[in-house]
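K.L.:
The following comprises the amino acid sequence and a computationally predicted model.
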Amino acid sequence: MTLHFSVLASGSSGNAFYIGTEKEKILVDAGLSGKEMTRLFEHIQINPSELSRILVTHEHSDHIKGLGIFARKYNLPIYANEKTWKAMEHSLGKLSVDQKFVFNMEETKTFCDIDVESFAVSHDAAEPMFYVFHHNGKKVALVTDLGYVSERIKKTVEGADALVFEANHDVGMLQMGRYPWSVKRRILGDMGHVSNEDCALALTDIINDQTKRIYLAHLSKDNNMKELANMSVTNGLKEYGFEVGGRITLHDTDPKVPTPLYNVV
């Protein structure tokens, strides 16, 4: 059975990621309204009532805005680590006890035919973590919302068949932009977000012969553009001898339009 996924929405206004097989269907984060979340699933022709569960990365509103309402509507169990639960519980509304589950950091859980591995990232949230998904020898990694890419993260996600990876900002655009200095400092810091250039540099240590697709994610609407992110990462990879456009392809993500459902083969 094939592992398939879609980046449903990605950006500072809202984030959601779908990954599944015929037996198991997982949503990671629900950072848009319940109505918008339903629309995103219609777009990829997946019925949300078929979902198995929701995994949460961290409590920032662009990752949990629709979480409570969506989980209630489809009676879905939610998985997050204890610190994230504590930080977000007041934002979710009433949930039944049998919808609340703990998924610890640096843990691997098996959900039907998908093994899910959690790993820590450096970001200004309670205990942010992201996920690697394994199925039948295939590997998909989701890596956004981090100030820098540690060696441990590189080892965890290296060799993924497909990577959803943060390319949040162009440093020049951010420095020249309208944000107050305190916000710029946060974004550029170790607890902030990864730039286009740092994305490319990290990917040179992560990509191997298995890697076929890279999705550039969580682009800032004020401090980046799809074309600029694509060009910066392409040029950065080419400098290190990686051919982009052949075996390895780069793909855009969008805050409102899901990426086409992709089968990892």
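P.N.:
Done, it's in. Numbers count the residues shown, from 1 in each chain.

K.L.:
List the contacts of Met129.
P.N.:
57-58, 81, 84, 105, 118-121 (Cβ atoms under 8 Å, 6 or more residues apart in numbering). Quick note: C-beta positions are derived from backbone N, CA and C, even for glycine.

K.L.:
one more time with 6 Å
P.N.:
Met129 makes contact with 105, 118, 120 under the criterion Cβ atoms under 6 Å, 6 or more residues apart in numbering.

K.L.:
now the first one, what's its secondary structure?
P.N.:
Secondary structure for Met105, judged by DSSP: H, G, I helix; E, B strand; the rest coil, is coil.

K.L.:
And the pLDDT at it?
P.N.:
Looking at Met105, its pLDDT reads 97.

K.L.:
which strands and helices sit next to the biggest helix by length in the chain?
P.N.:
Longest helix in the chain, counting residues (DSSP state H): helix 226-239. Helix 226-239 sits against helix 196-206, with contacts defined as 3 or more Cβ pairs under 6 Å, 6 or more residues apart in numbering; DSSP states H and E.

K.L.:
which residue is nearest the middle of this structure?
P.N.:
Leu142 (4.4 Å; Cα atoms, centre = their mean).

K.L.:
now that residue, nearest residue through space, not along the chain?
P.N.:
With sequence-adjacent residues excluded and distances taken as Cβ to Cβ, 6 or more residues apart in numbering, Leu142 is closest to Val164, at 4.8 Å.

K.L.:
Look up which helix or strand that neighbour falls in, please.
P.N.:
strand 162-166 (DSSP states H and E).

K.L.:
Just after that strand, pick out the following helix or strand.
P.N.:
Next along from strand 162-166, by DSSP H and E: helix 171-176.

K.L.:
Show residues contacting that next one.
P.N.:
Counting by Cβ under 6 Å, 6+ apart, 184, 195, 223 sit against helix 171-176.

K.L.:
so the first one, which of the three states?
P.N.:
If I follow you right, that is Lys184. helix.

K.L.:
how many neighbours does the closest residue to it other than its chain neighbours have?
P.N.:
Closest residue to Lys184 apart from its sequence neighbours, by Cβ to Cβ, 6+ apart: Leu174 at 5.9 Å. Residues near Leu174, counting by other Cβ atoms under 10 Å, number 21.

K.L.:
circling back: helix 226-239 and the strand holding Val164, what's the angle between them?
P.N.:
Note on geometry: by axes from the mean of the first three to the mean of the last three Cα atoms, to 10 degrees, strand 162-166 and helix 226-239 are set 120 degrees apart in direction.

K.L.:
Which residues are in contact with Phe101?
P.N.:
With contacts defined as Cβ under 6 Å, 6+ apart, Phe101 is in contact with 77, 79.

K.L.:
Let me know the secondary structure of Asp98.
P.N.:
Asp98 - assigned by three-state DSSP - is helix.

K.L.:
Just give me the neighbour total for it.
P.N.:
Neighbours of Asp98 under the rule other Cβ under 10 Å: 8.

K.L.:
same question, Lys109
P.N.:
Lys109 - counted by other Cβ under 10 Å - has 16 other residues nearby.

K.L.:
and it, what pLDDT?
P.N.:
98.

K.L.:
What of Met1?
P.N.:
68.

K.L.:
before we move on, what about Lys154?
P.N.:
Lys154 carries a pLDDT value of 98.

K.L.:
Name the nearest residue to it, ignoring sequence neighbours.
P.N.:
Closest residue to Lys154 apart from its sequence neighbours, by Cβ to Cβ, 6+ apart: Asp205 at 4.9 Å.
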